[in-house]
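>>> coordinates for the following, if possible.
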Amino acid sequence: MAAVSYLNTVPLVWGALHGAQHSEMRLEFHLPSICADLVREKKANIGILPVIEIARQGLEVFPGACIASDGPVRSILLFSKVPLSQIKSLACDRGSRTSVMLARVILRQVHGVDPMLLPPSAPELQTMLAAADAALIIGDPALAIEPEALPYFWVDLGEQWRNLTGLPMVFAAWAATNRWITPRLEKAFISSLQSGMANLDLIVAEQSRERGFGEDLIREYLTKNIVFKLGPREFEGMRTFLNFAGELESNLSPLAERTSI
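Just a heads-up that it's a prediction; the model follows:
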């Protein structure tokens with residue numbers, strides 16, 4: 001199974017690494033884009049995958065758990081040297097797939113522009129902005145930035161999405177082809193998350209040591225910025241996002257909602 005290596009995934013996989021679900025899953029950790037490629041190439045059967053890749057590959061979503069936001073997400077940031085309505089080129093974090101499409105949707109729907117995308121690159125803000133008008137940085141590299149301290153225009157794309165639609169933005173979820181969607185695995189994924197949330201204090205202390213972020217930032221991020229429950233509003237948010245994405249990219253598969261297996 002392919003799992004995302006960012007901080008926001010830790011509660012989802014806690015039980016798989018440390019709890020009763022350990023025997024159910026063998027995890028490998030990668031950037032979200034790599035997780036998507038591994039499933040596409042059939043090198044992994046199941047993954048925590050970018051929502052846009054779930055639609056591109058025609059996969060199904062395990063209900064119950066995801067990585068989402070319902071307002072500012074803090075770790076999906078768009079920086080620009082010019083006002084957002086003047087952006088003509090966008091440098092994209094190589095780890096991202098869903099957030100690249102979200103940036104395109106927000107820039108088109110809110111700011112009226114459709115910039116040229118540069119090839120994906122390392123999340124190094126100054127280098128990215130030397131090559132483009134704007135830069136998208138996600139995950140832990142975004143958490144390491146204090147955006148208010150920088151001399152750029154910037155927006156939190158989770159907040160922009162909530163303002164546009166009134167809905168949560170789902171960035172990634174457990175997904176696979178239909179043959180792997182089973183009640184046993186659904187239960188294991190939900191139980192793994194429940195174990196993570198029950199051990200949040202331990203996660204905060206451990207991840208602060210390992211990733212170098214302050215405990216207050218980690219706790220606020222995992223309890224206020226990130227939404228882990230995949231419920232009806234989150235599915236509505238996913239469908240709305242894919243409808244917007246379909247205006248920019250054809251051949252996206254419709255989302256199959258499962259409230260229970």
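>>> residue contacts, the closest residue to Gly71 other than its chain neighbours?
Computed as CB to CB, 6 or more residues apart in numbering, the closest residue to Gly71 that is not its neighbour in sequence is Arg162, at 4.9 Å. C-betas here are computed from N, CA, C, even on glycine. By CB atoms under 8 Å, 6 or more residues apart in numbering, the contact list for Arg162 reads 69-72, 168-169.
>>> so Arg162 is in which element?
If you go by DSSP states H and E, Arg162 is part of helix 157-165.
>>> buried residues in that helix?
The neighbour-count check on helix 157-165 (16 or more other CB atoms under 10 Å) flags 157-162, 165 as buried.
>>> and the residues you listed as a markdown table, adding distance to Ala131?
Shown next, in a markdown table, are the buried residues of helix 157-165 (distance: CB to CB, whole Å):
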| residue | distance to Ala131 |
| --- | --- |
| Leu157 | 20 |
| Gly158 | 25 |
| Glu159 | 26 |
| Gln160 | 23 |
| Trp161 | 26 |
| Arg162 | 30 |
| Thr165 | 31 |
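>>> residue contacts, the closest residue to Ser69 other than its chain neighbours?
In space, and not counting its chain neighbours, Ser69 is closest to Gly158: 3.7 Å by CB to CB, 6+ apart. Gly158 makes contact with 69, 71-74, 76, 169, 225, according to CB under 8 Å, 6+ apart.
>>> would you list every one of the helices in the stretch 1-150 of the chain?
With helices called from DSSP state H, counting those that start in this stretch, the stretch 1-150 of the chain shows them at 10-18, 32-40, 51-57, 98-109, 125-131, 139-143.
>>> so which helix or strand takes in the most centrally placed residue in the chain?
Central residue of the chain (CA atoms, centre = their mean): Phe171, 3.3 Å from the mean position. Using DSSP H and E, Phe171 falls within strand 169-176.
>>> let me know whether Ala65 touches Trp174 as I believe.
Yes: with contact defined as CB atoms under 8 Å, Ala65 reaches Trp174; the gap is 6.3 Å.
>>> who's more crowded, the two?
Under the criterion of other CB atoms under 10 Å, the comparison of Ala65 against Trp174 puts Trp174 first, with 31 against 24.
>>> now for the more buried one: which residues touch it?
For Trp174, the contacting residues are 12, 46-49, 61-62, 65-66, 189, by CB under 8 Å, 6+ apart.
>>> what do you get if the cut-off is 10 Å, keeping everything else the same?
Taking CB atoms under 10 Å, 6 or more residues apart in numbering, we find Trp174 in contact with 1, 3, 12, 46-49, 54, 59-67, 180-181, 185-186, 188-190, 192-193, 230.
>>> then the helix or strand containing Glu206 to CSV, C-alphas only?
Applying DSSP H and E as the criterion places Glu206 in helix 200-211. Extracted C-alpha coordinates of helix 200-211, given in CSV (Å, rounded to 0.1, in the frame of the first residue of the first chain):
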residue,chain,number,x,y,z
LEU,A,200,-2.8,12.5,19.3
ASP,A,201,-0.6,13.7,22.2
LEU,A,202,2.0,11.1,21.3
ILE,A,203,1.8,11.9,17.6
VAL,A,204,2.3,15.6,18.3
ALA,A,205,5.4,15.0,20.5
GLU,A,206,6.9,12.4,18.2
GLN,A,207,6.3,14.4,15.0
SER,A,208,7.7,17.6,16.5
ARG,A,209,11.0,15.7,17.2
GLU,A,210,11.0,14.0,13.8
ARG,A,211,9.9,16.9,11.5
